[in-house]
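Participant: Got a sequence here, can you model it:
(chains A and B)
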Amino acid sequence: AQKVTQAQTEISVVEKEDVTLDCVYETRDTTYYLFWYKQPPSGELVFLIRRNSFDEQNEISGRYSWNFQKSTSSFNFTITASQVVDSAVYFCALMGNAGNMLTFGGGTRLMVKP
Amino acid sequence: DVKVTQSSRYLVKRTGEKVFLECVQDMDHENMFWYRQDPGLGLRLIYFSYDVKMKEKGDIPEGYSVSREKKERFSLILESASTNQTSMYLCASSNRVGTSGNTIYFGEGSWLTVV
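Facilitator: Coordinates of the predicted model:
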């Protein structure tokens, strides 16, 4: 069985602070994929990143960066110099090798205050 | 641009009513999904379809059915709505099965309230 845990249900920061959202996963698959999605108040899930299990290189995209550590089964997401527009619920998700279905974590609500 | 469109953003239905939630994607994707989102539970898969007229149960199919008569359209049906089906429903699509790891794209969601 697959499982994704986002231990932080809610985080509040002040604008320009850095913030890290934690994600820990469990799977028995040797090949798997990890995702992060952003859900703004409008409701749509916006795809942010996909990472496969063979690529542990960290990735940076503007103010966003991701730290994938297979040894600790974690795929953490950091926002540098947070902005009010970053306020949203962020979901980490796992896709195993068997198909195209995603297992989601419970989500982390990020509130960035001006 | 990727586009998954859900026909109704907000619905209020009475207990026992039959409810249809419609979803259309314009990316020629083979796979389509219906998820339900509830506070503290994240997103849970109700049904998915990997081809026209094909469907598979997800984690929580009870009380729901689906229909996929055309590739671009995937409907979620609540045969007799109940108050515990009050939730946010999200439709999604992705490329064909066998290309594991393909990104799943989501619609804006449909907020259903059953009274």
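
Participant: Would you mind listing what in chain A touches chain B?
Facilitator: A:4, A:9, A:31, A:33, A:35, A:37, A:42-47, A:50, A:52, A:91, A:93, A:95-102, A:104-107 (C-beta under 8 Å from any C-beta of the partner chain). (Glycine included, C-beta is placed from N, CA and C.)

Participant: Buried ones in the helix or strand bottoming out on mean pLDDT in chain A, by neighbour count?
Facilitator: Counting by mean pLDDT, DSSP states H and E, chain A has its least confident helix or strand at strand A:59-61, which shows a mean of 85. By 16 or more other C-beta atoms under 10 Å in any protein chain shown, strand A:59-61 has no buried positions at all.

Participant: and that strand, how far from the chain's centre?
Facilitator: 13 Å (C-alpha atoms, centre = their mean, to the nearest Å).

Participant: Next to chain A, which bits of chain B? Give me the list.
Facilitator: B:9, B:31, B:33, B:40-45, B:48, B:50, B:58, B:88, B:90, B:92, B:94-95, B:97, B:99-109, B:111.

Participant: Can you tell me which of the residues of chain A next to chain B are classed as buried?
Facilitator: Buried among these (16+ other C-beta under 10 Å): A:4, A:33, A:35, A:37, A:43-45, A:91, A:93, A:95-96, A:100-102, A:104-107.

Participant: what about the helices in chain B?
Facilitator: Along chain B, counting by DSSP state H, no stretch forms helices.

Participant: Run through the strands of it in chain order.
Facilitator: B:4-6, B:10-13, B:19-25, B:31-38, B:42-49, B:56-57, B:65-70, B:73-78, B:87-94, B:105-106, B:110-114 (DSSP state E).

Participant: so where is the chain shaky, pLDDT-wise?
Facilitator: You didn't say which chain, so I picked chain A. A:98-100 (pLDDT under 70).

Participant: The chain in question should be chain B.
Facilitator: Looking at chain B by pLDDT under 70, you get B:1-2, B:96-101.

Participant: change it to 50
Facilitator: Judged by pLDDT under 50, chain B has no weakly predicted residues.

Participant: Pull the contacting residues for A:Met101.
Facilitator: Contact partners of A:Met101, counting by C-beta atoms under 8 Å, 6 or more residues apart in numbering or on different chains, are A:Met95, B:Phe33, B:Leu45, B:Phe48, B:Gly58.

Participant: in stretch A:65-85, what counts as buried?
Facilitator: Quick answer for stretch A:65-85 (16+ other C-beta under 10 Å): A:Ser65, A:Trp66, A:Asn67, A:Phe68, A:Ser73, A:Ser74, A:Phe75, A:Asn76, A:Phe77, A:Thr78, A:Ile79, A:Ser82.

Participant: And for the residue lying closest to B:Lys53 once chain neighbours are set aside, the neighbour number?
Facilitator: Excluding its sequence neighbours, the residue lying closest to B:Lys53 (C-beta to C-beta, 6 or more residues apart in numbering or on different chains) is B:Arg68, at 6.2 Å. Applying other C-beta atoms under 10 Å in any protein chain shown, we find 20 residues neighbouring B:Arg68.

Participant: for B:Glu30, same thing?
Facilitator: Neighbour number of B:Glu30 under other C-beta under 10 Å is 19.

Participant: what do you get for B:Glu56?
Facilitator: Neighbours of B:Glu56 using other C-beta under 10 Å come to 15.
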